[in-house]
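Chemist: Pasting the sequence and the predicted model now:
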Amino acid sequence: IQEQIDMFKIIQDKGFAYQITDGIYFDTKAFETAGNVYGELSNLKEIKQGARVEPNPAKKDTRDFALWKFSPQGEKRQMEWDSPWGVGFPGWHIECSAMSTKYLGEQFDIHLGGEDLRSTHHPNEIAQAEAASGKKPFVKYWVHGGFLLVNGGRMGKSLGNAYTLADLKKRGFNAIDLRYFYLTGHYRKQQNF
């Protein structure tokens, strides 16, 4: 949490953040005005409001994202911390930027993730890391893996089709079967189990 708060402070001090009633947000327009490119990884020009989170009309731009959210008044959340801005919790993206810069540095070569992270999470991670450090590129190569499907659909614990190695062994598969299956696919293509 401290590393995330430290990164928020730098971003805020450089003028890339603003505060509204429910939290502190990254200012994508200020980032672009400073000569940076936002959303280049995904060619993201506009975010469809309400697609992932409830629309917030107080945001300056639909692409702006939370750096720190304030805990609701009179409500104790399971995970909340004190910060210079009050009690709250970090936005989803800042954890990854703070963690990777702490352990890998302000710039590094390869970043991996699922194909679903390419459109929003990774562009936000890039923007806040580059805003904090002033260095570009944050990452040289982005590798996005395709999803592993089960019977043509999404895999998930809630669907009861997220198998452990023990589950696969009970079904008559061994490690070499699984290894062969993975090797028959390309990392960017979805595979169906």
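Modeler: In hand now; what should we look at?
Chemist: Only C-alpha atoms from now on, for both contacts and neighbour counts.
Modeler: OK.
Chemist: Got phi/psi on the residue positioned nearest the centre of the chain?
Modeler: The centroid of the chain falls nearest to His121 when counting by C-alpha atoms, centre = their mean (3.3 Å). The phi/psi pair for His121 (degrees, to the nearest 10) reads phi -60, psi -50.
Chemist: CA atoms of stretch 95-107 as CSV?
Modeler: The C-alpha trace of stretch 95-107 is given here as CSV (Å, rounded to 0.1, in the frame of the first residue of the first chain):
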residue,chain,number,x,y,z
GLU,A,95,-1.1,-2.0,-7.6
CYS,A,96,0.5,-3.4,-10.7
SER,A,97,2.4,-0.3,-11.6
ALA,A,98,3.7,0.1,-8.0
MET,A,99,4.7,-3.5,-7.7
SER,A,100,6.4,-3.8,-11.0
THR,A,101,8.4,-0.6,-10.6
LYS,A,102,9.5,-1.7,-7.1
TYR,A,103,10.7,-5.1,-8.2
LEU,A,104,11.7,-4.6,-11.9
GLY,A,105,12.4,-0.8,-12.1
GLU,A,106,10.9,2.1,-13.9
GLN,A,107,11.4,0.4,-17.3
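Chemist: isn't there a strand covering His144?
Modeler: Yes - membership of His144 in a strand is supported by DSSP: H, G, I helix; E, B strand; the rest coil.
Chemist: partner residues bridging it?
Modeler: Gly113 (DSSP bridges).
Chemist: Now the phi/psi pair for the nearest residue to Tyr141 once chain neighbours are set aside, please.
Modeler: Spatial nearest neighbour of Tyr141, chain neighbours left out: Ile110 (4.8 Å); criterion: C-alpha to C-alpha, 6 or more residues apart in numbering. Per-residue torsions, Ile110: phi -130, psi 130 (degrees, to the nearest 10).
Chemist: Go ahead and confirm the residue nearest to the centre of the chain touches His93.
Modeler: Yes - in this structure His121 lies within contact range of His93 using C-alpha atoms under 8 Å: 6.1 Å.
Chemist: which SSE is the residue located most distally from the centre of the chain in?
Modeler: Going by C-alpha atoms, centre = their mean, the residue of the chain most distant from its centre is Gly172, 36.4 Å out. Under the criterion DSSP states H and E, no helix or strand holds Gly172.
Chemist: And for Leu168?
Modeler: Using DSSP H and E, Leu168 falls in helix 165-170.
Chemist: next one: Phe89
Modeler: With DSSP H and E as the test, Phe89 turns up in strand 88-90.
Chemist: cool, and Pro123?
Modeler: Assigned by DSSP H and E, Pro123 belongs to helix 121-133.
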